[in-house]
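1. sequence first, predicted model second:
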Amino acid sequence: MSGLERWHRVQQFLFHEARLLDERRLQEWLDLYADDADYWVPYAWGQESPRDHVSLFYETKTLLGMRVDRLARELSPLDSPAARVNHYLTNVTVEEGAELTARAHLLFVEYRREEQR
């Protein structure tokens, strides 16, 4: 597979993932992850590890599954009423080494209770 083909496939995967989240197809989104995956969203710019600083999210797939279950059963008071969200991804790049690493710029917009943030 050429570098351009790989980049295109990774980009399409990221767009698919964002669409699943936007459409609240959370179980399908969770199914994208390997059983031993960690979901990590750093808090600080340049944060290299989830262990040296507080993170926005740092969860195993099992913990993500619990979150998805609470949201599906409307047991999460912070998500009431359910938020409408849009994920905008740009500048997708793919770095190859021992592992494939994808990077992108993400703008996440949430609308709930007549407020956008």
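-> Yep, it's here.
2. can you check which helix is longest in the protein?
-> Counting by DSSP state H, the longest helix found in the chain is helix 3-22.
3. packing partners for that helix?
-> Packing partners of helix 3-22 (3 or more C-beta pairs under 8 Å, 6 or more residues apart in numbering; DSSP states H and E): helix 26-30, strand 84-96, strand 100-112. For glycine as for every other residue, the C-beta is placed from the backbone atoms N, C-alpha and C.
4. redo that, cut-off 6 Å
-> Judged by 3 or more C-beta pairs under 6 Å, 6 or more residues apart in numbering; DSSP states H and E, the packing partners of helix 3-22 are helix 26-30, strand 84-96.
5. out of those, nearest to Val68?
-> For Val68, the closest of the helices and strands packed on helix 3-22 is helix 26-30, at 4.5 Å, according to C-beta to C-beta.
6. any chance you could list what contacts the closest one?
-> Leu20, Leu21, Leu64, Val68, Leu71 (C-beta atoms under 6 Å, 6 or more residues apart in numbering).
7. relative to Ser55, which of those residues is nearest.
-> Distances from Ser55 to the contacts of helix 26-30, taken as C-beta to C-beta, are shortest for Leu64 (13.8 Å).
8. surely that closest one forms part of a helix?
-> Yes: counting by DSSP: H, G, I helix; E, B strand; the rest coil, Leu64 is part of a helix.
9. could you measure it against Leu56, distance?
-> 13 Å (C-beta to C-beta, to the nearest Å).
10. for Glu48, same thing?
-> 15 Å.
11. and the helices and strands packed on helix 3-22, which is most packed in?
-> Mean neighbour count (mean count of other C-beta atoms under 10 Å) peaks for helix 26-30 among the helices and strands packed on helix 3-22, with a mean of 16.
12. okay, the helices and strands packed on helix 3-22 in TSV with mean pLDDT and distance to Glu5 next?
-> Listed next are the helices and strands packed on helix 3-22 as TSV, based on pLDDT from 0 to 100; distance: least, C-beta to C-beta, whole Å:
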stretch	mean pLDDT	distance to Glu5
helix 26-30	95	24
strand 84-96	88	11
